[in-house]
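[1] next input, structure requested:
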Amino acid sequence: MALPDTSIPGRTRNPWATLTVLALAQFMVVLDVTIVNVALPNMQAALHFSPDNLQWVISAYTLAFGGFLLLGGRLSDLLGRRRIFSAGLALFTVASLAGGLASSQGVLIGVRAVQGFGGALMSAAALSILTVTFANGRQRNIALGIWGGLAGLGGTLGVVAGGILVDALGWEWVFFVNVPIGVLLLAMTPVFVPASRAPVTGPRTFDVAGSVLGTAGVLAVIFGVIRAEPLGWASLQVLGALAAGAALLAAFVAVESRSSNPLVPMRLFRSPGLSKATGALALNGASFLAMFFLTAIYLQQVRGLSALETGLQFLPMGFAAIAGALVTSQLIARVGTRPVHAASAVVSVVGLLLLSRAGATGSYVTELLPGLVLFGAGITGIGVPAQVVAVADVSNEDAGAVSGVVNTGYQVGGALGLAVISTLSTSLVTEMLVSGSSQVEALTAGFQRGLVIAAILAAGNVALALWSRSLVPDADQLAELAVA
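    Okay, here's the model as predicted:
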């Protein structure tokens, strides 16, 4: 197999060592999302959170992470991808240490926002580095498969690790566990991650107006979605935030179309591949986050499992996600992205529909395991070809911007999908409780409705796959595949 071309900025003769650092960093970011969820009851007791304030332990992170991805992607292009990756990793690590030491509600919520900001810089820069490190084709497909699989496993292992750490050491350790990992990755980054930035012919200028409008617009939309669950979609606060977000993003598009050095070059959206891939990732995020949230509640409140037992039941889904990502990366080299995307979307829909048939009792092996395994394989089978299409024609100059766009699409889609599905699920639970149903009956029905709606969203990915472009290996890539 030929070595990567080191004449291109950002390429390295040890790309798999680079991928190891990037994938571990992304694994840590995804792990943190679910590991903190497990510790929420203990945090509430220790720091005397009210139910309304407690949600900001999660929401502060989500808001900052989703809101700053576009900015992080462009900063990595202009200031250096390794530099922004290291800065985000350092922020995330220091904030994790501060989170474990937090002694008040305000400090913990503030620390979570800093963690989210650091995670946004790190994730956007990491995907940008991966894009310029691996040549378009088989190697990049495999790298994206490994990246997606480890990210999927991180979300699953977070529930297991959270249960173990909280029971054995206390809630503080869901933050402390990030510190040694972060320090190790900071030491490895200068050795294994190449320095690169977008080539420019003139002076490096920064799009201040676009950065402010784009970041504020995404923040406002995510804030509105987050507040919709406790306040309702008709709340003035929610409607005001969503309207403000839409207005800011409209202004952002107007400014970017005239900017000489935009935060997100509008030419990127002339590529149907990027637009459709971002839509696919948004639908994927919506179905995944809703499924994970509803199933975790169902397993604990309906089936009476502990946090640790719940995490263990999710483990097969995580391993299926890794297997799905690796198999997908191989299939793309043979049949192209479109059939793999479409087939994986069908698999994810079937998985969700199987899960939606689970009752309050019944065998895990027959009622839950098949759906979890199919859904786990399906979501990474969608994510890998979508990311391959999104970055296929990306120049070195725009790698960070594209990374910010696709990551933002996934985060905003996930937040919106979770809010809509959980609201519709909760409304059914409330109606059934009022009508005299038992809590178990109501929660089971709410879980089933939520997964059916998630399946409908996932089905949108089937249509999107059939409408999307299909990338297939060229003659050189087929020759490389034959030699490998």
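[2] show me what counts as buried in the strand or helix carrying residue 128.
    Using DSSP states H and E, residue 128 maps to helix 105-133. Within helix 105-133, the residues that qualify as buried are 105, 108-133, counting by 16 or more other CB atoms under 10 Å. Bear in mind the C-beta positions are built from the backbone N, C-alpha and C, glycine included.
[3] so residue 362, which state does it fall into?
    Here residue 362 is recorded as coil under DSSP: H, G, I helix; E, B strand; the rest coil.
[4] any idea how far it is from residue 371?
    12 Å (CB to CB, to the nearest Å).
[5] same question for residue 389.
    For residue 389, the distance to residue 371 (CB to CB) stands at 27 Å.
[6] those two - which one has more neighbours?
    Neighbour count, other CB atoms under 10 Å: between residue 389 and residue 371, residue 389 has more, with 26 against 22.
[7] after the helix or strand that contains the more buried one, next one along is what?
    Element membership for residue 389 (DSSP H and E) is helix 369-391. Moving toward the C-terminus from helix 369-391, the next helix or strand (DSSP H and E) is helix 399-434.
[8] and the next helix or strand past that following helix?
    Of the helices and strands lying after helix 399-434 in sequence (DSSP H and E), the nearest is helix 439-467.
[9] quick revisit: and the helix holding residue 128 with helix 399-434, angle?
    Counting by axes from the mean of the first three to the mean of the last three CA atoms, to 10 degrees, helix 105-133 lies at 130 degrees to helix 399-434.
[10] what angle do helix 105-133 and helix 369-391 make?
    With the same axes, to 10 degrees applied, the angle from helix 105-133 to helix 369-391 works out at 60 degrees.
[11] list the helices and strands helix 105-133 packs on?
    Judged by 3 or more CB pairs under 8 Å, 6 or more residues apart in numbering; DSSP states H and E, helix 105-133 is in contact with helix 15-47, helix 51-67, helix 69-79, helix 81-101, helix 138-168, helix 369-391, helix 399-434.
[12] any idea which of those helices scores lowest on pLDDT?
    Note on these: lowest mean pLDDT is at helix 138-168, with a mean of 70.
[13] what lies in contact with whichever helix or strand comes after that one?
    Next helix or strand after helix 138-168 toward the C-terminus (DSSP H and E): helix 173-176. Outside of helix 173-176, the residues within contact range by CB atoms under 8 Å, 6 or more residues apart in numbering are 32, 35-36, 38-39, 96-100, 161-162, 165-166.
[14] can we see that at 6 Å?
    Helix 173-176 is contacted from outside by 35, 36, 39, 96, 99, 100, 162, 165, using CB atoms under 6 Å, 6 or more residues apart in numbering.
[15] can you list those residues in CSV and add neighbour count?
    Formatted as CSV, the contacts of helix 173-176 follow (neighbours: other CB atoms under 10 Å):
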residue, neighbour count
35, 28
36, 21
39, 22
96, 24
99, 27
100, 19
162, 28
165, 21
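[16] name the member of those with the shortest distance to residue 465.
    When these are compared for distance to residue 465 (CB to CB), residue 35 wins out at 32.2 Å.
[17] that closest one against residue 163, yeah?
    No - counting by CB atoms under 6 Å, residue 35 stays clear of residue 163, with 9.1 Å between them.
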